[in-house]
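Engineer: Sequence below, structure please.
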Amino acid sequence: MRCLYSFALMMSLQFFPLPSRRLANTSYVLWTTYLAMAFLSALIFSRLLLIYLDHYVQDIRQAEVARTKSIAKKILLFVDTLLLRIPKDEEPLQSAAYSPGLLAALNFNAMPFFLLANILTGLINLSSDTTQASHLSGFLILFVYAATLTSFSEFLFKLRVKIPLRLPSFSALSTVRPKRD
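Structural biologist: Residues are numbered from 1 along each chain as shown. Model (predicted):
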C-alpha cells in the first residue's frame, strides 16, 4: 500500500502543482496520507517487533527453567517468568504490558489534557511572535510545551486524580419541552 502511495505521490508532484495546505490540492492530500501511513507503518512494525522480542525472552526463560537443576533456582526463575508473562485471559495487544504508560496517562484525563493544551497554545501565541522566532527558541518553546503537558498528565495519573469534565446529557435536555399556550 505504501508503494502505491509513493508512486501516486511522485506522479502527482510531476503533473500537479506543489502541495499546498491552503488549496488542499491532490499533491497535498497524497502527501499527508503518505506521511500518516508511513508513521502508522513504523508504529505497527515497532509494536510487532516488541511483541516478538517479549515472547522470545519468555521462551528463553522457560528453557532456562527447564535446564536448571536446583529447585530454589527453578522457583525463582518461575516467579520471575510469571511476573513478566501476559495473563492467559487477556489478548496480547490489549494487555497493559504493551500499552505505553504515557498513553494510559493521557487517556485517563483526556479532556483536561486537551483544555490545557489549548490554553497553553493560546498563551504561547499571545506572548511571543512564533513566526519570527529562531529555530532554537521554537524548539525550546515546543519542548517546554510538551514537557508541561506530559508532566501534567503523568502527575494526575500517578495520583489517580480524575477531573470529570462532562457535558450535560443531550437526552435529558430533549425531554424538557416548552409549554404551549
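Engineer: ok, now which ones touch residue 113?
Structural biologist: Taking CB atoms under 8 Å, 6 or more residues apart in numbering as the definition of contact, the neighbours of residue 113 are 106, 149, 152-153. Glycine gets a C-beta too; all of them are placed from N, C-alpha and C.
Engineer: Recalculate using a threshold of 7 Å.
Structural biologist: Shown here is residue 113, whose contacts under the criterion CB atoms under 7 Å, 6 or more residues apart in numbering are 106, 149, 153.
Engineer: quick one: the most centrally placed residue in the chain and residue 47, what's the gap?
Structural biologist: Nearest to the mean C-alpha position of the chain, by CA atoms, centre = their mean, lies residue 103 at 5.3 Å. Distance, residue 103 to residue 47, using CB to CB, to the nearest Å: 12 Å.
Engineer: ditto for residue 161
Structural biologist: Separation of residue 161 from residue 47 (CB to CB): 29 Å.
Engineer: now swap in residue 126 and tell me
Structural biologist: From residue 126 across to residue 47, the span is 39 Å (CB to CB).
Engineer: which one of these two has more residues nearby?
Structural biologist: Each of residue 126 and residue 47 had its neighbours counted (other CB atoms under 10 Å), and the higher figure belongs to residue 47 (13 against 7).
Engineer: Look at the more buried one and tell me its secondary structure.
Structural biologist: The three-state assignment at residue 47 reads helix, by DSSP: H, G, I helix; E, B strand; the rest coil.
Engineer: Quick check, pLDDT for it.
Structural biologist: pLDDT, residue 47: 80.
Engineer: so which helix or strand takes in the residue nearest to the centre of the chain?
Structural biologist: Element membership for residue 103, per DSSP states H and E: helix 101-108.
Engineer: Report the rounded mean pLDDT for the helix or strand that comes right after that helix.
Structural biologist: With elements assigned by DSSP H and E, the helix or strand that comes after helix 101-108 is helix 110-127. Per-residue pLDDT values over helix 110-127 give a mean of 93.
Engineer: Report the buried residues of helix 110-127.
Structural biologist: Buried residues in helix 110-127, counted by 16 or more other CB atoms under 10 Å: 112-113, 120.
Engineer: could I get the residues you listed as a markdown table with distance to residue 31?
Structural biologist: Listed next are the buried residues of helix 110-127 as a markdown table, based on distance: CB to CB, whole Å:
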| residue | distance to residue 31 |
| --- | --- |
| 112 | 33 |
| 113 | 28 |
| 120 | 28 |
